[in-house]
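Undergrad: Okay, sequence plus prediction incoming.
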Amino acid sequence: MKNITKIFLLSSLLLGMMFSSCNNQQQCDDVTDCVDKVESGVHQISVEELKVEIDNNADFYLIDVREAREYFPGYIPTAISMSSGILPFVINKKSVWEAKKRYVPEKSSVIVLYCKKGARSILAADLLMRMGYTNVKYLKGGWQAWEITYPLEYDKQLKKLNGEEKKEAPSSC
């Protein structure tokens, strides 16, 4: 647990240094102020739009930027866990994506980020855009909005992975 805390603190510090190294960025009073300032420049996607994309097997990267301890109790089907603290450091690392059985995203790939409510994904999307990724979106309302709108999707995904999908009983006459 101590190592996880150290990694989180170090990645937060490095992320902060990356934010502060951009001279043309506005100063923020606090994180909420930073989110408010960058949100208008970041594209969003609604949970309904995301559901359609997932159902249509659209080609995009869905990245859950919450911490691992938040991801495992519940996540959106097809999502990849990659916390916002490490995302900018590993987004282009071939070994990371190979372990997830995916290709490294190209700068033009569609990338959808989500967190619990939206703030972390907005900041992460802004950073990826400043790194040259051109098609980044965040999920409006985050995991909470997804869970409220599609409460059974996670359960269906687990049943599918475990081979427990219900087969409908034949109707009797």
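TA: Looks like it arrived, so ask away. Worth saying up front: this structure is predicted, and the values here are computed from it rather than measured.
Undergrad: mind showing which ranges of this structure have poor pLDDT?
TA: Low-confidence regions of the chain, defined here as pLDDT under 70, cover residues 1-25, 154, 157-158, 161, 164-173.
Undergrad: in it, which spans are helices?
TA: With helices called from DSSP state H, the chain shows them at 2-20, 31-39, 47-55, 68-71, 87-90, 94-99, 119-130, 142-149, 153-161.
Undergrad: of all these, which lies closest to Leu62?
TA: Shortest distance between Leu62 and those, using Cβ to Cβ, is found for helix 47-55: 7.6 Å. Using the backbone N, CA and C atoms, a C-beta is placed for each residue, glycine as well.
Undergrad: May I see the buried residues of that closest one?
TA: By neighbour count, with 16 or more other Cβ atoms under 10 Å as the criterion, the buried positions of helix 47-55 are 47, 50-51, 53-54.
Undergrad: Then stretch 121-141?
TA: By 16+ other Cβ under 10 Å, the buried positions in stretch 121-141 come out as 121-130, 133, 135-141.
Undergrad: which outside residues touch it?
TA: 15, 18-19, 22, 31, 34-35, 38-39, 41-47, 50, 65, 76, 84, 87-88, 91, 105, 107-115, 117-118, 142, 145-146 (Cβ atoms under 8 Å, 6 or more residues apart in numbering).
Undergrad: what do you get for stretch 29-46?
TA: Everything outside stretch 29-46 that qualifies as a contact, by Cβ under 8 Å, 6+ apart, is 19, 26, 28, 53, 112, 119, 122-123, 125-126, 129, 136-141.
Undergrad: dump the residue contacts of the residue nearest to Pro105 when sequence neighbours are not counted.
TA: Closest residue to Pro105 apart from its sequence neighbours, by Cβ to Cβ, 6 or more residues apart in numbering: Tyr61 at 5.3 Å. Taking Cβ under 8 Å, 6+ apart as the contact definition, Tyr61 lies against 80, 102, 105, 109-112.
Undergrad: Show the backbone phi and psi for Met131.
TA: When quoted as degrees, to the nearest 10, the phi and psi of Met131 stand at phi -80, psi 0.
Undergrad: change the start of the numbering to 35 and stick with it
TA: Sure, I'll start numbering at 35, so the last one becomes Met165.
Undergrad: where's Gln60 relative to Thr168, distance?
TA: Relative to Thr168, Gln60 is positioned 22 Å away (criterion: Cβ to Cβ, to the nearest Å).
Undergrad: now Leu84
TA: Taken as Cβ to Cβ, the span from Leu84 to Thr168 is 19 Å.
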